[in-house]
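Chemist: kindly generate the corresponding structure for this input.
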Amino acid sequence: MGEVSADAVTLDMLREARETVRSSPLGVINTPMIAWSQTTLPLSISCNIHIKLENMQRTGSFKIRGVANQFARRPTGGCFVTISAGNYGVEVERAPTSCLINVVNRCVQEDNMTFLHSFDDLDLIAGHASLGMEVLEVMPEPDVVVVCCGGGGLLAGVAAAIKLSGCSKTKIYGVEPEGACTMYKSFIEKKPVEMDSKSIASGLAPPFAGRLPYELCQRYVEGIVLVSDEEIKAAVSTLYRSGLVVEPSGSAAFAAIVNNKILELEGKDVVCILTGGNIGKSELLNFQD
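Modeler: Residues are numbered from 1 along each chain as shown. Purely as a prediction, here's the structure:
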């Protein structure tokens, strides 16, 4: 797909993608959204927070949403290659971050595969926007929405869906690990940047921010906040003690809220998105105190 601008993302496109995702043979589900007050999770702020449980998605991750829309808009019967920290359940070839693009190019050129970008792709972002539309079905006018951010595809899609649906006053925040803050640095430098990303939240640590996600985030996102690996680790443990299995990458938004990284939440209607639950038992035990 050639380069497109943020102007290409329209409400009609996102609504169409929402229906595509809803009817996908991949079996994407409308995940629950529950009130924080109905859990045993600690909260030091007096506000109305709802938690979107995308860790309960069919593949254990939000990623299936964008992929469902990508598949629907690509020729059938082909073979695909993508870059991911996991969650796909297909043939996997491990490679160092510095060599990923070389592996992709080999698959495209030698094996005639189609590359599905894992965050910088219009169809993917439109598919991820379905999550934002589901949020609005439960909370039509949230004051604040907090979303994890890696390459920016999910944050861009959710933010576009909410803003284009008419929620002009909603403040949307992305959350990145301190050691993998490509979107944060992109906001500062006013262009997509690269960095040697390192974090316990591997799904939030791509080597660069996506160009289209950056443009959309610049337009629709209030700001990017950072959390440490220790704060992410503590978030995984806290969520687990309350009965929620969430991977490090899926816990970033929660970590930002409980560590007061987002100001002025008092009395507000807030949405916190838990984006994934793909964590093994042995790994999970390492996060417990």
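Chemist: check contacts around the residue most central in space within the chain.
Modeler: Closest to where the C-alpha atoms of the chain average out (Cα atoms, centre = their mean) is residue 154, at 3.7 Å. Counting by Cβ atoms under 8 Å, 6 or more residues apart in numbering, residue 154 makes contact with 62, 66, 119, 128, 131, 147-148, 275. All C-beta spots, glycine's among them, are computed from the backbone N, C-alpha and C.
Chemist: among those residues, which are in strands?
Modeler: Here DSSP state E is the test, and the contacts of residue 154 give 147-148 as lying in strands.
Chemist: just put the contacts of residue 154 in TSV and tack on distance to residue 202.
Modeler: Formatted as TSV, these follow (distance: Cβ to Cβ, whole Å):
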residue	distance to residue 202
62	15
66	18
119	14
128	19
131	21
147	18
148	12
275	13
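Chemist: and of the contacts of residue 154, the nearest to residue 243?
Modeler: Using Cβ to Cβ, residue 275 is the member of the contacts of residue 154 that sits closest to residue 243, with 17.6 Å.
Chemist: check the gap between the closest one and residue 222 for me.
Modeler: Residue 275 sits 19 Å away from residue 222, taking Cβ to Cβ, to the nearest Å as the criterion.
Chemist: the two: who's more crowded?
Modeler: Between residue 275 and residue 222, counted using other Cβ atoms under 10 Å, residue 275 has the larger neighbour count: 31 against 15.
Chemist: pretty sure the more buried one contacts residue 59?
Modeler: No. In this structure residue 275 lies outside contact range of residue 59 using Cβ atoms under 8 Å: 11.6 Å.
Chemist: dump stretch 168-188 to CSV, restricted to CA.
Modeler: Extracted in CSV, the C-alpha atoms of stretch 168-188 (Å, rounded to 0.1, in the frame of the first residue of the first chain):
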residue,chain,number,x,y,z
SER,A,168,-14.2,16.6,20.6
LYS,A,169,-13.6,17.1,24.4
THR,A,170,-12.3,13.6,25.1
LYS,A,171,-8.6,13.6,26.1
ILE,A,172,-6.8,10.6,24.8
TYR,A,173,-3.4,9.6,26.2
GLY,A,174,-0.9,7.0,24.9
VAL,A,175,1.3,5.2,27.4
GLU,A,176,4.8,3.9,26.5
PRO,A,177,7.7,2.3,28.5
GLU,A,178,10.5,4.7,29.4
GLY,A,179,13.0,2.5,27.5
ALA,A,180,10.8,2.2,24.3
CYS,A,181,9.3,5.7,23.9
THR,A,182,9.4,6.2,20.1
MET,A,183,6.0,8.0,20.0
TYR,A,184,6.9,10.2,22.9
LYS,A,185,10.2,11.2,21.2
SER,A,186,8.4,11.7,17.9
PHE,A,187,6.0,14.2,19.5
ILE,A,188,9.1,16.1,20.8
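Chemist: can you give me the buried ones in it?
Modeler: Across stretch 168-188, burial judged by 16 or more other Cβ atoms under 10 Å covers 170-177, 179-187.
Chemist: low-confidence stretches in the stretch 101-250 of the chain?
Modeler: Applying pLDDT under 70 to the stretch 101-250 of the chain flags the ranges 101, 105, 108-111.
Chemist: can you give me the helices for it?
Modeler: Secondary structure of the stretch 101-250 of the chain (DSSP state H, counting those that start in this stretch): helices at 122-138, 153-164, 182-189, 211-220, 229-241.
Chemist: got the ones you listed as TSV, with distance to residue 255 columns?
Modeler: Below are these laid out as TSV (distance: least, Cβ to Cβ, whole Å):
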stretch	distance to residue 255
helix 122-138	19
helix 153-164	15
helix 182-189	15
helix 211-220	19
helix 229-241	4
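Chemist: let me know which of those helices is tucked in deepest.
Modeler: Highest mean neighbour count among the helices of the stretch 101-250 of the chain (mean count of other Cβ atoms under 10 Å): helix 153-164, with a mean of 28.
Chemist: which residues touch the nearest residue to residue 236 once chain neighbours are set aside?
Modeler: In this structure, residue 236 finds its nearest non-sequential neighbour in residue 287, 4.5 Å apart by Cβ to Cβ, 6 or more residues apart in numbering. For residue 287, the contacting residues are 233, 236-237, 240, 248, by Cβ under 8 Å, 6+ apart.
Chemist: all set now, cheers.
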